[in-house]
Every structure is written in C-alpha cells, then in structure tokens.
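Structure of the sequence below:
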Amino acid sequence: MALRLLTEIVASWAYMKEHARCEHTFWLELSHELAAAQIVYGSRLARLVSELPQPSVQLPQVVFFMGHHQKNKALRQLCSSNYRGQGRSQPSVNIRSDNRTLQSLQPRFFADCNPCRSLLSTHESLRNCHEEKTYSVELKSTEHSLQDIIISRLIFLFTDVVCIFADDVGGFEGTRRLLTTWAAIGSASSLPPAVRPRVIVVVSQSPSVTGSVIDEDDFLFELLHAGDVPYFSAFRDIQVSSLPAEELSSDARYMALGSEVSLQLRNSRVDRERYRCLFSATHLNAFFELAVQNISASPFALFDFVRSARERNPLDGAFASHITSFLKVGSRTRTPYDQMASHIASAILMDAYPPGMHHFQPSMVYRTLYHDPCYTGLRKFYSTDALASVQSERIQQHLSQFFEHMASSLGPSSEIHKNNLNQQRKFWAWSKSNKTCLWCLRRHPEHPQACGHGICDTCVEIFGEPSLHAEYEYTVLQCILCGNAKGLTVRLKPPTAAPRLLSIDGGGLRGIVPPTHLEMLQENMGPELPLADLIDLKVGTSSGGLYVIAMDILRMGPSEFKSIFQDLAKKVLGPDRRKGRIRSLLSDETYDTKTLENQYKDIFGSTRRLFDAPASLLSAGKMAVTTTSIRDGALFLFTNYNGAAPHRADSVYGRLRPDEDYGPYIWQIALATSAAPPLFSTVKIPGLGAFQDGGMGRDNNPVNIALFEAKHLWPSVTNPDVVITLGTGTETSSPKISSFRNVLLDGWIPRVYRSYMRSFDGGTTWKELKMRLDNKSQETYYRFDQYLSGGLPAMDDTDCINDLSQQVRTQPGEDHSGAAVALLTACLFFQLDRMPVYKNGLYHCVGTIRCRAPPRPLIERLATAPGRQTFYKDRLNLGLSLSADDICPSCHRYSLPVRFFTTMEGQYEDPSQFLEGLEYLQQYDPLCDPGIDPTLLLSDSTEMLNFFPPLPSLDGSTGEAEAHASDKELQDIRAQCDALKKEIETLKGTLDYLRTYLASMHPWMLEVTDALDKLGQAPQSATELEFPEKGI
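Numbers count the residues shown, from 1 in each chain. Okay, the predicted model is just below:
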C-alpha cells in the first residue's frame, strides 16, 4: 500500500506537470445566451480556498475594487504579489488572493470589476482547465441591469470593503448613481445590517484642496440626507479617500489607501465577530455557491444564510409532532417545565451546531428554524397561548446558555447535550416512547435498548462507538437518559450502499417451500455468512411472515425454521384436530385458534413485544409483516422500525405503531398475519383492533410492499441492490381461452371463486412487476417459485410438506448460485475518501472498496464462482481483483484503494480524455466502479456519486450524524489498528529514502521532494499557523 501511494504521488505530479496551470481569475461572468441571462461561475473562489493551508480555520476577508484604469493601478500596488494585469476583455468579476497573507488567520482576497461595462452577447466555449457551471437567470422585466443585481444581491453579501474609484466611473456624480442603484435594488442578505460592506470612494486629489473638501462634503451630505434612498440599509459605512498626486512613487501614493482599507477590514471583522458572521474560508465558499443558486432561481429572493446552511439537513414538519410527543411523555412523570425546556434546548443545540457548522447567533438560529415548530408543538399540548409562549422563551434562553458554554469550552454540542441529559436522569429513567427518539427529539426511534429507551440511526452514529472489525457497526455503551450500561450493538446500512430485500409469499402449509429455497441459498454461501445478515429488509405474508419474524427476531436459520414449521403443522393442523362443519360455522374456525396461539407463545415467547430490545443485544435488520383488517380487507404492516420518510396520507396500506403501553406481542403479530379464514378465527389485539391473514387481498406476494418500504426507510436510494422474492408454489396455467362447459363448472359462483383464488397467486404479482422493470433491473431481481403439476395442495394438507420440500431440491432451473453471488457482491460498496478534485474536464475521485460482511469467507466463496473475479468500470476491465491480501491483518476489514475520473453525470463527454486517464491510471492503480454486467457488481446506491451538491452543514459531511461522528470514527480506528500504524511507519521510512533518489532525477522532481517533505507536516490546529500582522 505504501509503494502504491508513493507511485500515485509521483504519477499525479507528472500528470499535473503535463497540463498548464489555470490562469483564469474570473469569479463570475455574465452573459446573454438565446435571449436568456446567464451567470457563469468558474469556481475561482473554491480554488483560492483550496490554496489556503487551513481553510476551515482561516477567516478570509474580501476587498472589492470597482473601476478601470485607476482601479488597475491600485490593484497592481496593493495586491502586487498576485497581480498579472487585466488580460481579459470580458466584463467579468475577477478575484485573486494576496499571497502575502495566505498563511495568516485573515487572508485577503481582492475582487475587481468595471461596473460600467455592458453584458456580453455570448460567453466563451467551455474551459476545461477549471470547473465551470452556467446558471440561467429568470429575470423578469426590471429597470435594473443583471450586472447591478448580481453586484448588489450576490457579490456584496460576501464583501467586507468596496473601493469605488470615482475617476473611472464618472466622478462623484457617477459614484452616486451607482450607489443609488445598488441601494434601490437592496441587499439579499438575511444577516444584520451591521455586516453590510463598507464603501470607500477613492478620488484623485485636485489642485484645489478647498474644492476637493467641498466636493467631498457635498457628496456625503447628499447621501446622508437622501431620505428616499436606503443607502445605509445596503452599506455599513461610506467614506471618501483622496489619492495624492501621481508625482509620488507608487508606494507612497497608495500607502494611505492601503491603511484605510486595513482599518475598514479591521472594523468589519469586529462587526462580524460581534454578530457571529465571520465565516471560515470553507464556509465562505460553500455559502457563495449556495447564493449563486439562489439568485439564479429568484434574483430578488432573500438569501437566508441560516436556512441555506441546513439545505442538506432541513428541519422537516415532523419536529413539531416530536415536541408534542415529548411533552406527553414528560407529563407522565411530572417533569418540571424548566427541565423539559432545558431538554429541548440542548437537543436543538446538538441539531443546530454539528461539528463544522458555523456558529450563528443562537437567537437567530432559533428564530429562523426552531421557533415556529416549537411553538406549534407546545401549543398542541398546552392549553393556552401564553403558556406556550413562555415555554418557547425558556427554550431560547436555555439554548443561549448552552451555546455560550459550547463556545467557551470548545466542546462538541453532542457532549453538552449528553451532559445535560445525565443531570436529568431522575425525570427520564422511566419515560419511554416508540414514536420519538428522546435523545434528539428529531427522528423516530429505530433501535430499542435493554432499558426500553429507543434511539434513532443518527443518535447511534453520534453517541455509539464504531466497531473496529465491521463497517458501520456501532456499540451504544450506555443510555444517556437513564445510565443503563447494557450495551447495544447496531448495524447500519452504509450510506453509499443500496438495500437488499427479501419478500416471502403466504400459502399455509406450502410455507415449507420458501425456507427450503433459503436453505439452498445458505448452502451456496456457507455457514460463516448467515443469510439474515445479508438482507437489509425482510417482508413476509402469512406463513412467510412467520419466517420473517423467526429470521429477524429469533435469528433463526432456514433449517431450524423448517423443523419448527413441520412440528407446528402436526400439532395445529392434524386431521384429528379438524372441527366438524357445524362447530366450524359457529366458532368461525376450522381448527382451534387457541392451540395455534399457545404454540406461537412457545416459539416466540409470551411476553416479548415487537419493539423490545433484541435478546442478543444486536439490532441489525428491518422486518415487516402484513395483516389485513376484518372490515374491508385493508392492508396493514407490523414493523420493527419507524422509517425516515414521512408517512404518506394517500398510502394504500397503513403501518401499525400503537402507544408504548399497547405494543403488540410477537405471538399476536404471528397470529394476525397467519389467521387465514376459514382455518382460524380473527385475532383481536388490544388498542389496535381485529385482524386476519395478511394474504387476504392482492398482496399475498408482498414484493411491492418491500419496494415501497425500502423507499420509506432509505428515501435517497433509487433502486435496491438485490431483490429476492419467494413463492409457495403455483399451478401451470394455460394461456388459451376456454369455452363454456356448463353452469356447475363455469357458472358465476365457480367463476367468482376461481377469480378470488387467482388473487392469491403471487406469481401474477411477480409477472406484473417484471413487466415494469427494464432489462438491467431484471438482472438483480430473483423469483424462486415451485411449479406444481399436480395442482396446489390444500392449505391444511399436512401430508404434502415433505413432498414439497423434496420437489424444491429436485426441480431444475432455479438459479440459487446466481442469487447467492448477487447477495455476496452486493456486500461490496464504494466509499469516497475525499471530495473529488476537478482536473481538465473530469473529476478525480479517490476512495476505497469496502465490505459490509465478513470479508474472508466472502472472498473465498466468490473465488469459487466461474469467471475472473475482477472489477469493471463502464464495461471496461480495470485489472483490479478481489483478493484477501486487501484485508487488514489487525482489524480484519477489507479495504481496496481505488481511483477514477468521471463527469458529473457519470458519462464522458470526450472519450479521448477518459481513455488517456484510464491509460494513465493503469500505470499504477486503476479504479474500480460498478459496470453494467461485470463478474462482480458492487452495491450501487445513487448516493455513491452524489458528491456534487452543496455541502450539507457546510462541513463536508453528508449529514448530521456524519458531521458528529466521522472524525471520531476515523481517529478511533486508526488508533486501534496496529497494522495501519506499522504501515504508516513503513511509509515514512520509504519517503526518507525516496527524497534523495528523486532529487537526483529530472530537476522538476525537486518539487516532488518538497511535496514529500510536507507529508505528515500539515498544521493540525490554528495554533500551528503563522498569523503575521501585516498591513497592505
């Protein structure tokens, strides 16, 4: 691995040497294309930010020079370290850094433009030397130009000081017209007016000193007394600065202006610090890109900085309901008002300020994001508006106190929230909810702990300890609500992996068929890879529901379930237990439902509830079991999860989640899904109602339900990795049209009966689904069903069990091996190690292939599959093989470093560029990425290449949980894995050797050695940076 990394460094450096460095300095370009106004964003600010040594720590300030000739002279003097003249003729807004300040805490960026230039008719063709995006602007009829709108409602939002060179724009009168226009357009910023840009009007000193003073006074007097123009709503301050005569040297002539700019920057920094609007370089760039999108969509819309920071993690409408649910729980234990307000406030603190988030004023954050949903939730619970308002004020007060503590201690918000809840244990130890995660109050609970407190996926990632030996496995060592120390291990689906689904039909005693198929699948995969661990969501109906419960709740394998199922059939459906017709009619059952109930209690336990903590203290898979109402046959689901997406009001089925006190027992759910009429009577569950067999409708094959529920659980995933649906046997039907025989055989009664029985055929549902799938998707869908030439046996025919199981094993044509390989390869997923880097029209992506199953038995099993075990990208074999050599000997996790080039859309606009990159990559480490039909198909989530949208919390993470947990996880793993430590030490020794060797080669290799010297020496904190106090 060390040699591979070193080779990549040298090859990457050589590649960059072959391509000239981008010399474009334009920040924005404006144009008209096909009668539509456009903004061309050249990612210049992002490139400047990337050049800073600590962009997440440094706090850049922007100076905006406006004019032409005089502006260029001043820019040449005040930004001499990075000024190469104005080589471009386009009226663009340019930006460059002052190289003298790059190492300081407050680096300076100098932007410039000529505000008097008109728009271009068309913009240049696409330039591949830098990332470039074009935004069409919906500009309705207005008296203002697009350039003025962009300047006042976009550029000024991120500018600290504006220098207008009056001689270039028509003197004081021209300057006044510009300021009047921009003030009339107004600012789009949601930040306080105190952080608006400060304006310096630069004029050349006239021979008459008195005349100059009078002109300046008149200019400022008119601005101050122009009551109809809101100058000071758009600008923080307006001053005039005079340039000395040109006879002086350039240094002397611009010394006073440089000092004035430094003073105004200092004043601006003080204002921004006071209102907590001083952004890091990383945040500055992220906010700017969001603002470009905002103004292109609606030029006169407000740009709300706080809401924009939450674009990838918005506060949904369920928050108000969670607040109300929390208050109901707190009222049961008579928790004081102030304690409940404190709990809500610290939960808001954790949600609003994940690591990396900008620290906006808590009052602004609460007012913008949380006040309305909090008040709505409070008002639904409390009887008066006054009480809800008082409690809302308490929440804001506590939030401000927690924020000050966080800012002073520099600790994470999650730790402050945890400490706050630890102090309130006496109020929350016995308070439980299966509808609201009491840890964060933002989401539904998904994983019940031994103490009864359920927690959501996000809280698992925030507060859980990542496992050293498994991907996305966490251990919650202690409940922060009550202090219970019975740890819960939770396995989560990796965000860049798609789900794997299992659907099992109902069919009475034919239910022996699905576990036989699964038994054969398990045999194909081997005993070290339990099938239950390779399925993310299991959905079952009737007898299929029984096995789903056994597989997920009891962790039971297919062979064990087959034995229990056969024993259950003999005890419940034996011929000697069948009731007579009169007794059946009067009791609404053919067999004794009470006997079935007792058997279920023996199998599943009499006291175990659906939302209880798992007996093994391992929370892994998701499961759903169907049932139907006795009134109209409406479909309902019992689930051991709540899900991320909100429940749709127009759903064709409902999810049953009663209050904590009425949670159904597992044996009740087993009865509700398998109480098939007329075999058994209906099942009454207190607090919910009466139910019957889940197959009483068109969903005896619940594959569509599984697909719907997967979207509910993981809304961002478009398609699942693998779908396996298991039938319980089907008859061979004839496609021919039959003729009427007689009334007894083809009258309305037998016709209705046959149509009714046809609705239970899961094969019809499968065929309808398959017709909707394209050819590529069909390759990942597997249907295992048994064609029964002798007809379907009765649902209570106990004599057919052994015969059905034997037929499954002897009937040819079932691709159990193919399904097993598909499940195993879906365990491999790709994960980016860092944000992609734009290079000459393509994005350079670096990441690793990881495995969410025990890697060694998986690799050994795939090694027996026919064909070469290689990875593909766009049907091209990239030469990477699946090998046990990439398993860490210490932590036992699989990690294969990979890299590739791609476009944003995943397609290559210029094939020659891709082929050149591929040939280059093959010299050292070609990439792996899923192809369409390779031997191995990685898990394919739509999130895998979804790295181009704006940053979620402006911290580079993809969500709140990652922001809280990613750094901790990486540090913990690296700290524990001795093999990685040893490899790093080996790498350092190899670097020392290569320094001398590379320096003796081509002269430009000296630059490589400098780069190697810097490896491992990057400053780790702000204290290691040099912050020189240099003026302009």
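
send the alpha carbons of stretch 616-634 over as PDB?
Only the C-alpha atoms of stretch 616-634 are listed here, as PDB (Å, rounded to 0.1, in the frame of the first residue of the first chain):
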ATOM      1  CA  SER A 616     -28.800 -10.800  21.600                       C
ATOM      2  CA  LEU A 617     -28.500  -7.000  22.000                       C
ATOM      3  CA  LEU A 618     -27.700  -6.800  18.300                       C
ATOM      4  CA  SER A 619     -30.000  -4.600  16.300                       C
ATOM      5  CA  ALA A 620     -29.500  -5.300  12.600                       C
ATOM      6  CA  GLY A 621     -32.200  -6.000  10.000                       C
ATOM      7  CA  LYS A 622     -35.500  -4.400   9.400                       C
ATOM      8  CA  MET A 623     -38.700  -6.500   9.000                       C
ATOM      9  CA  ALA A 624     -42.300  -6.000   8.200                       C
ATOM     10  CA  VAL A 625     -45.200  -8.500   8.500                       C
ATOM     11  CA  THR A 626     -48.500  -8.000   6.700                       C
ATOM     12  CA  THR A 627     -52.000  -8.400   8.100                       C
ATOM     13  CA  THR A 628     -55.500  -7.200   6.900                       C
ATOM     14  CA  SER A 629     -58.500  -5.700   8.700                       C
ATOM     15  CA  ILE A 630     -61.600  -7.800   9.000                       C
ATOM     16  CA  ARG A 631     -63.800  -4.900   7.900                       C
ATOM     17  CA  ASP A 632     -62.700  -4.300   4.300                       C
ATOM     18  CA  GLY A 633     -59.500  -6.300   3.900                       C
ATOM     19  CA  ALA A 634     -57.300  -3.200   4.100                       C
END
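
what helices or strands is the strand ranked longest in the chain leaning on?
For the chain, the strand that runs over the most residues, judged by DSSP state E, is strand 842-851. Contacts of strand 842-851 with other secondary structure elements, assessed using 3 or more CB pairs under 8 Å, 6 or more residues apart in numbering; DSSP states H and E, are made with strand 828-832, strand 837-839, strand 895-902, helix 911-921. C-betas here are computed from N, CA, C, even on glycine.

how far is the first one from where the chain is centred?
Counting by CA atoms, centre = their mean, to the nearest Å, strand 828-832 is centred 14 Å from the centre of its parent chain.

ditto for the shortest one
On the basis of CA atoms, centre = their mean, the separation between the geometric centre of strand 837-839 and that of its chain is 22 Å.

Please settle this for me: is Pro614 part of a helix?
No - checked against DSSP: H, G, I helix; E, B strand; the rest coil, Pro614 lies outside a helix; its state is coil.

Check the spacing between the closest residue to it other than its chain neighbours and Ser619 real quick.
By the measure of CB to CB, 6 or more residues apart in numbering, the closest residue to Pro614 outside its immediate chain neighbours is Ile553, 7.3 Å from it. With distances taken as CB to CB, to the nearest Å, Ile553 is found 11 Å from Ser619.

Can you show me the strands along the stretch 1-150 of the chain?
In the stretch 1-150 of the chain, strands defined by DSSP state E, counting those that start in this stretch lie at 26-33, 36-41, 61-66, 93-97, 108-113, 133-137, listed in chain order.

Need those strands in JSON lines (columns: mean neighbour count).
Converted to JSON lines, those look like this (neighbours: other CB atoms under 10 Å):
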{"stretch": "strand 26-33", "mean neighbour count": "21"}
{"stretch": "strand 36-41", "mean neighbour count": "19"}
{"stretch": "strand 61-66", "mean neighbour count": "24"}
{"stretch": "strand 93-97", "mean neighbour count": "22"}
{"stretch": "strand 108-113", "mean neighbour count": "25"}
{"stretch": "strand 133-137", "mean neighbour count": "15"}
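
Please name whichever of those is nearest to Cys79.
Cys79 lies closest to strand 108-113 among the strands of the stretch 1-150 of the chain, at 4.5 Å (CB to CB).

in terms of contact, does Ser298 touch Glu138 like I think?
Yes - Ser298 sits in contact with Glu138 when judged by CB atoms under 8 Å, with a separation of 7.0 Å.

Between the two, which is the more surrounded one?
Just comparing Ser298 and Glu138: by other CB atoms under 10 Å the higher neighbour count belongs to Ser298, 13 against 10.

can you pull the contacts of that one?
Contacts for Ser298 (CB atoms under 8 Å, 6 or more residues apart in numbering) come out as Glu138.

Longest helix in this protein, please.
Secondary structure of the chain per DSSP state H: the longest helix is helix 385-409.

Buried ones in it, by neighbour count?
When burial is assessed from 16 or more other CB atoms under 10 Å, helix 385-409 yields the following buried residues: 388, 391-392, 394-400, 402-403, 405-406.

what bridges to Lys133?
Beta-bridge pairing for Lys133 (DSSP bridges): Tyr41.

from memory it sits against Tyr41, does it?
Yes - at 4.9 Å, Lys133 and Tyr41 qualify as touching, with contact defined as CB under 8 Å.

coming back round to it: do you know which of the strands of the stretch 1-150 of the chain lies nearest Thr673?
Distances from Thr673 to each of the strands of the stretch 1-150 of the chain were compared using CB to CB; the shortest belongs to strand 133-137, at 51.9 Å.

what's the spacing between the closest one and its chain's center?
For strand 133-137, the distance between its averaged C-alpha position and the chain's averaged C-alpha position is 25 Å (CA atoms, centre = their mean).

mind saving the C-alpha coords of it as CSV?
Below are the C-alpha coordinates for strand 133-137, written out as CSV (Å, rounded to 0.1, in the frame of the first residue of the first chain):
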residue,chain,number,x,y,z
LYS,A,133,-21.0,26.0,-14.1
THR,A,134,-23.6,28.0,-16.0
TYR,A,135,-26.9,29.2,-14.4
SER,A,136,-29.8,30.6,-16.3
VAL,A,137,-31.4,33.5,-14.5
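
which one among the buried residues of helix 385-409 gets closest to Arg583?
Relative to Arg583, and with distances defined as CB to CB, the nearest of the buried residues of helix 385-409 is Ala388, at 59.3 Å.
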